[in-house]
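Visitor: A predicted structure for the sequence below; I have some questions about it.
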2 protein chains.
Amino acid sequence: MSQESIRAALTWIDGDFRRGIEVGIGDDGRIASVSETSEPPTHDRIALLPGFVNAHSHAFQRALRGRGERFERPAENFWSWREAMYELVEEMDRDSMKRIAVQAYREMRRAGMTTVGEFHYLHHDSRGDWGFDEVMLEAAAEVGLRIVLLNAFYVSGGIDEPLGPAQQRFDGRSLEAYWANMDRLQTTVDGDRQRLGVVAHSIRAVPPNLVADLHEESRVRSLVFHMHVEEQLAEIEACREAYGTTPTGVLLEHLHLDDRFTAVHDTHTDPADMARYLATGARVCLCPLTEANLGDGLADVPGILAAGGRICLGSDSNARISMLEEMRLMEYGQRLRGQQRGACRDAHGRIDRVLLDAATINGAESLGVAAGRIEIGRLADFVLVDLDAPTLQDCREEDLASALVLGAAEEAIAGTLIAGRP
Amino acid sequence: MSQESIRAALTWIDGDFRRGIEVGIGDDGRIASVSETSEPPTHDRIALLPGFVNAHSHAFQRALRGRGERFERPAENFWSWREAMYELVEEMDRDSMKRIAVQAYREMRRAGMTTVGEFHYLHHDSRGDWGFDEVMLEAAAEVGLRIVLLNAFYVSGGIDEPLGPAQQRFDGRSLEAYWANMDRLQTTVDGDRQRLGVVAHSIRAVPPNLVADLHEESRVRSLVFHMHVEEQLAEIEACREAYGTTPTGVLLEHLHLDDRFTAVHDTHTDPADMARYLATGARVCLCPLTEANLGDGLADVPGILAAGGRICLGSDSNARISMLEEMRLMEYGQRLRGQQRGACRDAHGRIDRVLLDAATINGAESLGVAAGRIEIGRLADFVLVDLDAPTLQDCREEDLASALVLGAAEEAIAGTLIAGRP
């Protein structure tokens, strides 16, 4: 049964915690009302925020936690981690895929996430039948997590290279086969708790003309489009050699970019490319914990923010699943990079708003889901923060959001509601 | 009552988790035996590790959590944060100091810490009577936390500058007054659960000749010595101007450094200075979360490790209290700095051992406490890790330590034992 209304001690509205707010929830799982009230709270030791939106996950990589973390050869890096990941890929069957995805999604809910964007390229078990696509939807349904299955097209093992053995399981075959599978999946998703999105895995995995065709069809269908972009310098070099420009340059040249497009990572994006990219309305997804784990480097976040760029956050490899720590590392990485505090500040000097927007509304918009903000008509997805958590005790109310983002972790998450339900 | 023996499912011995180990605990709160056993575990879903040692804390700064995180002026940095800290200092009385310290120490135990090195420079309430020194000892006793009160000498507001108004509360007055107070405190500590250490706050706060005198007396008394060193570039510049060399240069010139000396931060230490410093046997304490929060920058950890340097970890400002996250950020900061994974690896390519040593044995040695390792004769201080924590599920046994350090937080800490007692 869905809750009819919630009066939390504190409610996050328009970038501040407010007292005396009642949030009404309709039978459709959406927010029916937001009003001031003098009634006592129904949740008197809870702060209510929009549920966190995890805009970029590879759930199966949760099985790699702690793996690939021994470094016997001198130059272990992203590419050797990828080898460990490929070993895992060849082990997977439907049962193990389901088990791992359920585990990852359970952890996400514990971390306050209410929607996941599952950037899904491991389609096939040994039979090659796209069977893992349904598995992801089933796993999310089992956990009650809202999911956007960002289904990935993947056809080459590198620019002008065939797929390697493990990569057979990613094989998108042809655009026709890809869209036929998408049509099939479309009949199984409910359009609300489960949606589809479109992905070109990367410029390594999809030639530019196919990226463009895929993207054009996603626009026709009004589906969001995600793509890995410029996480590694090697990708940029290979792209320059093959196409005479950067991956972002390829996108700007071949695609009609708009605000349904999200580039994931942009770690090494050229500032001029970034300015042109953001001017189209397109978005950026950062994955701070994964980008740190993989030693990718740090994107120019202050530059993106100054250009009005909208940044969302993803748990990516799921080496650790914590939206609070992702927000913290988004800010802290930049403090270390620039030796300057308050790197992710808005015009009012607020970092709590910028970081919480990245974890909520920006992720929701990137995924095309009407969540991410506590306002009438949006999905009734919330994270409940425990005001009695030891990590939040004795913090002043005006500092609470910063204390949460910089000083707390999952012990402060009392639970989540999705469509108003626990 | 102390536990007589513990048979955990897994026990961290010599850098690996082992099964079938029984740890016997003596009435003196020390480890009486470590033996193989075929008896079933007494703690069958627990991994037993040495308790974490927090080698650098300013407990009162816990009250700043979330404060000083709005950035209305363009160039807010370490020094403006310090202003917020000084505001707090002037508010403090014995009751608030006690309450805040108890809260910080409770959080430390929840984070698996069993010993704190309290780098204590806020000595006086408005009466100027060193009263806060006992408060720190009382707070630790109330929580059952082992404490080394690293009592700080602090006499100038900057090189050749008088103390500012808030800094009156730090005033060490004279070496005679300092040591008289230390003698007084020595009669109140039990030498086991509570010990004293000596601190020169920094080269900003203590002139070189007094640092040297203070350090020499600490050697006579066989007490550990800690000092803030080269956290900020401004300190190095001011020191060069006044003394013609870096702070580390001053130490090398004026002190008989040895392995009872720990420099805290060393963020911007010159590599040649560092080599000479480490050659004395002296140690380094890093505070990754605080150094990130303050935008200090990143020390050259691979360089320190390659020179055989022993690094310990501290929660410093207590903006967040999590030894697992400190370890993670020690490694991740370096991955971002060098765009290379496995930055904190040992000769066998192991990062879990290096990071756990930093959190345990290296901290214990830095503080002169016989903890930090599960072996006969050491203090029976342990952290109990919950093998049923969602963050650790499905990890392979050989990857468990890496999964803990990189993928988990306080939800995985089932509790601590100090001198064998919960």
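Guide: Alright, I've got the coordinates. Nothing here was measured: the structure is a model prediction, and the numbers come from that model.
Visitor: how far away is residue A:365 from residue B:40?
Guide: The spacing between residue A:365 and residue B:40, counted by Cβ to Cβ, to the nearest Å, is 54 Å. In short, each C-beta sits where N, CA and C put it, glycine included.
Visitor: my read: residue A:332 touches residue B:291, true?
Guide: No. Look at residue A:332 against residue B:291 with Cβ atoms under 8 Å: they stay out of range, at 9.3 Å.
Visitor: Doesn't residue A:219 lie inside a helix?
Guide: Yes. Judged by DSSP: H, G, I helix; E, B strand; the rest coil, residue A:219 forms part of a helix.
Visitor: tally of neighbours for the residue of the stretch 101-250 of chain A found nearest chain B?
Guide: For the stretch 101-250 of chain A, the residue closest to chain B is residue A:107, as judged by Cβ to the nearest Cβ, at 5.3 Å. Number of residues near residue A:107 (other Cβ atoms under 10 Å in any protein chain shown) recorded here: 26.
Visitor: Helix or strand: which one has it?
Guide: When elements are assigned from DSSP states H and E, residue A:107 belongs to helix A:94-110.
Visitor: where's that helix relative to the chain centroid, distance-wise?
Guide: Here the centre of helix A:94-110 is set off from its chain's centre by 16 Å, with Cα atoms, centre = their mean, to the nearest Å.
Visitor: Nearest to the spatial middle of chain A, which residue is it?
Guide: By Cα atoms, centre = their mean, chain A has its centre lying nearest to residue A:55, at 1.5 Å.
Visitor: Helices along the stretch 251-400 of chain A, start to end?
Guide: Along the stretch 251-400 of chain A, counting by DSSP state H, counting those that start in this stretch, helices occupy A:271-279, A:288-293, A:301-306, A:323-338, A:351-359, A:361-367, A:400-407.
Visitor: ok so, going back, which is the next helix or strand following the helix holding residue A:107?
Guide: By DSSP H and E, the next helix or strand past helix A:94-110 is strand A:113-120.
Visitor: That following strand: what's the following helix or strand?
Guide: Proceeding N to C from strand A:113-120, the next assigned helix or strand is helix A:131-143, under DSSP H and E.
Visitor: Going along the chain, name the strands of the stretch 151-300 of chain A.
Guide: Assigned by DSSP state E, counting those that start in this stretch, the strands in the stretch 151-300 of chain A fall at A:194-200, A:225-229, A:261-265, A:283-286.
Visitor: What angle do helix A:271-279 and the second one make with each other?
Guide: What separates the directions of strand A:225-229 and helix A:271-279 is an angle of 170 degrees, with axes from the mean of the first three to the mean of the last three Cα atoms, to 10 degrees.
Visitor: Give me the contacts around strand A:225-229.
Guide: A:56, A:117, A:119, A:150, A:197-203, A:211, A:214-215, A:218-219, A:247-248, A:251, A:260-266, A:269, A:285, A:366 (Cβ atoms under 8 Å, 6 or more residues apart in numbering or on different chains).
Visitor: What are the neighbouring residues in contact with the closest residue to residue A:19 other than its chain neighbours?
Guide: Distance criterion Cβ to Cβ, 6 or more residues apart in numbering or on different chains; nearest residue to residue A:19, sequence neighbours excluded, is residue A:10 at 6.2 Å. Neighbouring residues of residue A:10 by Cβ under 8 Å, 6+ apart: A:17-19, A:46-48, A:387, A:397, A:400.
Visitor: which of these has the weakest pLDDT?
Guide: Minimum pLDDT across those is recorded for residue A:397, with 94.
Visitor: Specify the angle between the helix holding residue A:107 and helix A:323-338 in degrees.
Guide: 80 degrees.
Visitor: list the buried ones in helix A:94-110?
Guide: A:96-110 (16 or more other Cβ atoms under 10 Å in any protein chain shown).
Visitor: how far away is the residue of the stretch 201-350 of chain A found nearest chain B from residue A:271?
Guide: With Cβ to the nearest Cβ, the shortest gap between the stretch 201-350 of chain A and chain B falls at residue A:342, namely 3.2 Å. Distance, residue A:342 to residue A:271, by Cβ to Cβ: 21 Å.
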